[in-house]
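Undergrad: Okay, predicted coordinates and the sequence, questions at the end:
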Amino acid sequence: MRVWLLPAALAVAMALAVALRIAEFSSLGEVVLATPFARPLTRPPLLDLLGWPLPAARNAIAWASGAITVLLTARLLRGVVPPAGVATGALLAAICPALVLGHGFWSMRTLTIPLVAGTAVLLIDSLRGTPRPRALAVVAAATLLADWTAWPPVLAWVGWLAVFRPAWLTAEQARDAMRPLVVGVAVALPAYALLIAVEGDPARLLGASGMPTGPEAARRLVGALAGLWLGLVREQPMALRIGLAAAVVGAWAAGSRRAAGEGRQAWASVLAVGTAGALVPALALHPWIPVAADKNLWALTPLTLALAVVALWPRRALVAAVLLVGCTDADGDGAWAEHGDCDDEVATTYPGAPELWDGVDNDCDGAVDVSADYREWRDAEPNDSSIGGCFAPAGQDLGPLAEPGLLSRIDGRITEVVDLSYDEGDFDCYAVRMPETDEPRRLRIELSWPSPDSDLDLALWGLWEGDQRGFVQGDSPGPGPEIHISSASLPGGTPLWLWVGGYSGEPTDYRVDLVVASLE
């Protein structure tokens, strides 16, 4: 029974993570707050669960993940090539753009890459006669719960052991190695079933609904294969991408053959089957299985890197030349221009950067001004009493605004307008606080509404040296939007009261966008 203890504990933890996210997300409607579990339900829960107790240590977790990946790459090579080859593989892993995620990445792949490598290491050990079934079951389950793109290699290993068992492997050895993988699949399946049930659209959950077809799909496939060693290569010439993709596939075949020919069938089979498990469906069914889109194959990088070292060793210079092309970082933000930094001239733009509310894709994920760190309130109940009652209202505190540069948004509605009177119509009042910052900041406020025949106004009040004071008064006539900057720089934690009222026209919805800005 003990062999099931750790997987069972992991399953309970994952179920709790999913339940917390669903409960919070459902209770807030479509609200997205900067809390550990209020995230879109289209991603597995492991990364959120790991970062929950340490919300301020996310970069440290990413760095640790990168360091573990380097060690696991060396572990994969140990005993297959001489010590100098192991050191070369570790060095290449340490500077490989697809593996060095610690400089700012916070994505599912932060965990998936070392977990896939760890599963391969434990599976190889099991086939070599030193099984650790509990560890393999836990790591396999964690791998699948880290990212759905880890399923192809794990399922390929299960299918290989169950159906295509090679002659050098006994049936008992195959069963002993396969059983922990099956346990991991059993642990992960309920979490994915729950995510699919909540999402309701498996194609959207897996990202297949947005996959290109035809020539564009072929280009994405080539770029994904080429990027296993160099990171994102979408800006490189097609001839180079095709050459790199061919090099990856060639190294996979040559490394597998060379290792198997030297009597290391377990090592060669695990790495070859794991990579083929993702590459084959990607190549055969790419319009429907988006495992080869951009970074989605990066989980295989330690495996393909180890195969390349074995294939090319002892040609160290050739290994380095293939894997170290184009590592430049002009703006010093820790991301390479050719391998993920979508603007190498701006230090605030790199993979994993905060998505500022500035019309720029700061985190290089292809989406402009979309971030789980934004704060949005749609169901808040404002204080509707009067202008005088807006100051220090009770029970309507929305909490701190998002961090500097990030968006905080309030959606509301003025249900009644009495022309030229605030107090007699609907009047909404919200309490917020400036985020805790080291230096005073100004607050940018934009009030907009869809009705061109309505006129809404706003004001921002707070305390200044103990006295009540207005920092913004927005009463421009006519339709919106109205954009205002606070008259004073406000220290971190400053309590503020924002009111919105209808001055004339018809009742209308409205939106207030607030961004904490620098003093520049």
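TA: Thanks, I have it. Just so it is clear, the model here is predicted, and its values are computed rather than measured. Numbering: from 1, shown residues only.
Undergrad: what's the following helix or strand after the helix or strand where Val222 lies?
TA: Val222 is part of helix 215-230, with elements assigned from DSSP states H and E. Sequence-wise, the next helix or strand downstream of helix 215-230 (DSSP H and E) is helix 238-261.
Undergrad: List the buried residues of that next one.
TA: 241, 244-245, 247-249, 251-252, 255-256, 258-260 (16 or more other C-beta atoms under 10 Å). C-betas here are computed from N, CA, C, even on glycine.
Undergrad: before we move on, the earlier item: so for the helix holding Val222, mean pLDDT?
TA: The average of the pLDDT scores along helix 215-230 is 77.
Undergrad: re the thing from before, take the buried residues of helix 238-261 and write them to CSV, including pLDDT and distance to Leu420.
TA: Below are these laid out as CSV (pLDDT from 0 to 100; distance: C-beta to C-beta, whole Å):
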residue, pLDDT, distance to Leu420
Arg241, 83, 65
Leu244, 84, 69
Ala245, 86, 69
Ala247, 84, 73
Val248, 85, 71
Val249, 86, 74
Ala251, 84, 76
Trp252, 86, 75
Gly255, 88, 79
Ser256, 89, 80
Arg258, 87, 85
Ala259, 89, 83
Ala260, 87, 86
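Undergrad: Show me which of the residues you listed is closest to Gln473.
TA: Arg241 (56.3 Å; C-beta to C-beta).
Undergrad: Quick one: residues contacting that closest one.
TA: Arg241 sits next to 222-223, 226, 233 when contact means C-beta atoms under 8 Å, 6 or more residues apart in numbering.
Undergrad: how about 10 Å then?
TA: 219, 222-227, 230, 233-235 (C-beta atoms under 10 Å, 6 or more residues apart in numbering).
Undergrad: Domain ranges for the protein, per the record?
TA: Domain assignment of the chain by automatic domain parsing yields the ranges 2-323, 375-517.
Undergrad: which stretch among these comes nearest Asp363?
TA: Using C-beta to C-beta, these put domain 2-323 closest to Asp363, at 8.5 Å.
Undergrad: For this structure, which segments are assigned as strands?
TA: 375-377, 397-400, 407-414, 427-433, 442-448, 455-464, 467-474, 482-485, 495-504, 508-517 (DSSP state E).
Undergrad: Output the buried residues of helix 238-261 as TSV; include the columns distance to Gly493.
TA: TSV is the format used below for those (distance: C-beta to C-beta, whole Å):
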residue	distance to Gly493
Arg241	50
Leu244	51
Ala245	52
Ala247	55
Val248	52
Val249	56
Ala251	55
Trp252	55
Gly255	57
Ser256	59
Arg258	62
Ala259	60
Ala260	63
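Undergrad: Identify the farthest-apart pair in those.
TA: Across these, the longest distance by C-beta to C-beta is 29.0 Å; it joins Arg241 and Ala260.
Undergrad: ok, Pro82 touching Trp313?
TA: Yes. With contact defined as C-beta atoms under 10 Å, Pro82 reaches Trp313; the gap is 7.9 Å.
Undergrad: who's more crowded, these two?
TA: Trp313 (21 against 12; other C-beta atoms under 10 Å).
Undergrad: Hmm, Val81 and that one touching each other?
TA: Yes. Assessed by C-beta under 10 Å, Trp313 is found in contact with Val81 at 5.0 Å.
Undergrad: any common contacting residues for the two?
TA: Both Trp313 and Val81 are contacted by 88-89, under the criterion C-beta under 10 Å, 6+ apart.
Undergrad: Low-confidence bits of the stretch 401-520 of the chain, can you list those?
TA: 422-423, 465-466, 518-520 (pLDDT under 70).
Undergrad: please redo it, this time with the cut-off set to 80
TA: 419-425, 438, 463-468, 475-480, 518-520 (pLDDT under 80).
Undergrad: Tally up the residues packed near the residue nearest to Ala306 when sequence neighbours are not counted, please.
TA: What sits nearest to Ala306 in space, not counting adjacent residues and going by C-beta to C-beta, 6 or more residues apart in numbering, is Leu76, at 4.3 Å. Leu76 is flanked by 28 other residues according to other C-beta under 10 Å.
Undergrad: Identify the residues contacting Leu401.
TA: 375, 407-408, 432-435, 441, 443, 496, 514-516.
Undergrad: Please tabulate these in JSON lines, including the columns neighbour count and distance to Thr149.
TA: Formatted as JSON lines, the contacts of Leu401 follow (neighbours: other C-beta atoms under 10 Å; distance: C-beta to C-beta, whole Å):
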{"residue": "Arg375", "neighbour count": "25", "distance to Thr149": "29"}
{"residue": "Leu407", "neighbour count": "21", "distance to Thr149": "29"}
{"residue": "Ser408", "neighbour count": "26", "distance to Thr149": "33"}
{"residue": "Val432", "neighbour count": "24", "distance to Thr149": "39"}
{"residue": "Arg433", "neighbour count": "17", "distance to Thr149": "39"}
{"residue": "Met434", "neighbour count": "24", "distance to Thr149": "40"}
{"residue": "Pro435", "neighbour count": "20", "distance to Thr149": "34"}
{"residue": "Arg441", "neighbour count": "23", "distance to Thr149": "39"}
{"residue": "Leu443", "neighbour count": "26", "distance to Thr149": "40"}
{"residue": "Leu496", "neighbour count": "20", "distance to Thr149": "43"}
{"residue": "Leu514", "neighbour count": "26", "distance to Thr149": "36"}
{"residue": "Val515", "neighbour count": "23", "distance to Thr149": "34"}
{"residue": "Val516", "neighbour count": "24", "distance to Thr149": "36"}
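Undergrad: I'd like these as a markdown table, with distance to Ala299 appended.
TA: Output for the contacts of Leu401, formatted as a markdown table (distance: C-beta to C-beta, whole Å):
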| residue | distance to Ala299 |
| --- | --- |
| Arg375 | 32 |
| Leu407 | 32 |
| Ser408 | 35 |
| Val432 | 41 |
| Arg433 | 41 |
| Met434 | 41 |
| Pro435 | 35 |
| Arg441 | 40 |
| Leu443 | 42 |
| Leu496 | 45 |
| Leu514 | 39 |
| Val515 | 36 |
| Val516 | 37 |
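Undergrad: Which one of those is nearest to His484?
TA: When the contacts of Leu401 are compared against His484 (criterion: C-beta to C-beta), the nearest one is Leu443, at 8.9 Å.
Undergrad: For Val370, list the residues it contacts.
TA: Counting by C-beta under 10 Å, 6+ apart, Val370 touches 32, 355, 361, 363, 407.
Undergrad: Can you pick out the most distant pair from the residues you listed?
TA: Val32 and Asp361 (18.1 Å).
Undergrad: these two touch, right, Ile113 and Thr119?
TA: No. If you go by C-beta under 10 Å, Ile113 and Thr119 don't touch, sitting 11.2 Å apart.
Undergrad: shared neighbours, these two?
TA: By C-beta under 10 Å, 6+ apart, the residues touching both Ile113 and Thr119 are 72, 143, 150, 299.
Undergrad: what's next to stretch 163-176, contact-wise?
TA: With C-beta under 10 Å, 6+ apart, stretch 163-176 has contacts from 126-129, 131, 133, 136, 156, 160-162, 177-178, 182, 260, 263, 265-266, 269, 273.
Undergrad: how about low-confidence regions in the stretch 201-350 of the chain?
TA: 201-221, 224, 227, 229-236, 278-298, 314-350.
Undergrad: Just give the number of residues close to Leu189.
TA: 13.
Undergrad: Gly231 versus that one, what's the distance?
TA: Computed as C-beta to C-beta, to the nearest Å, the Leu189 to Gly231 distance reads 32 Å.
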